[in-house]
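Novice: here's a sequence, model it:
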Amino acid sequence: MMLVLAAAALLQAAPVHAAADWRAMSTEELAARLLPRRIARRVVEHEFTSPTRVTFITRTYPMPDGFCERDIYQVSTASRSVVGQSADIRRGDCPAAGAAGFAHVNPNPKLHVAQAKAAVRWLEGAIDAARGAQPLTFDVDCVANVQPDACTGGARAALAKLAVENAQSVSGAFTCRTSVTSFALRQDSTAAGPLWNVRLARGEARPRLTLTWTPPPRS
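Specialist: Next comes the predicted model:
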């Protein structure tokens, strides 16, 4: 009984790190305190997304399916809650340096990383088809109320100018049944440039892509 009380006293006496202390720590120090060891050793950077919420990013790694990945972990410094996990994916080889060209997967029960990759491959095939001369096996619309010139030449021409390497996010669902997948794609490699919000609806009818042009944020 005395041993239990002594242990409890030691735990209560342990210093609690204030928010400023957490922010003063390096990525390595934070990861060692907040993540399991097998995950912490793969982490290369972090950011505070709220006063007590830390997002960790692992080093990139190539996959045999033609994608590069990096894992994202979120954890609270206040409650030591369950570690949340998501991922960023990039079609093609891993970049030699930097983190350009990664699309964040917003996970849910109908969109795991494998499904997000399948959705990106579907979109890649649709873009390739739009660049060809054969009739499309899907319908495509282009909406650009703020900048009508963005749809000049028609929806097919607008789709043909896109590239999955410029994807920023994948969300929604991509299943064998009726599903809607949403992509955010930069118009080009400029991070601060305009975005195309691409909506893919699949079901019993022909798949339909809807491209909506979004102006860049004001500086």
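
Novice: helices of this protein, start to end?
Specialist: Along the chain, counting by DSSP state H, helices occupy 2-13, 19-24, 27-34, 37-40, 113-131, 155-160.

Novice: what is the last one packed up against?
Specialist: Helix 155-160 is packed against helix 113-131, strand 139-143, strand 208-214, with contacts defined by 3 or more C-beta pairs under 8 Å, 6 or more residues apart in numbering; DSSP states H and E. Every C-beta, even on glycine, is put in place using the N, C-alpha and C of the backbone.

Novice: the helices of the chain: lowest mean pLDDT?
Specialist: Lowest mean pLDDT within those: helix 2-13, a mean of 32.

Novice: tell me the contacts of residue 103?
Specialist: 88, 89, 90, 116, 120, 164, 167, 168, 169, 170, 183 (C-beta atoms under 8 Å, 6 or more residues apart in numbering).

Novice: looking at this protein, which strand is longest?
Specialist: For the chain, the strand with the greatest residue count under DSSP state E is strand 67-76.

Novice: quick one: the residue lying closest to residue 25 once chain neighbours are set aside and residue 75, what's the gap?
Specialist: Nearest non-adjacent residue to residue 25, counting by C-beta to C-beta, 6 or more residues apart in numbering: residue 33, 7.5 Å away. Distance of residue 33 to residue 75, computed by C-beta to C-beta, to the nearest Å: 10 Å.

Novice: ok, the two, which is more surrounded?
Specialist: residue 75 (24 against 15; other C-beta atoms under 10 Å).

Novice: does the more buried one have beta-bridge partners, and which?
Specialist: Taking DSSP bridges as the rule, residue 75 bridges to residue 54.

Novice: that one contacts residue 36, correct?
Specialist: No. Contact between residue 75 and residue 36 fails when scored by C-beta atoms under 8 Å: they sit 10.3 Å apart.

Novice: quick revisit: what packs against the longest strand of the chain?
Specialist: strand 53-58, strand 61-62, strand 84-91, helix 113-131.
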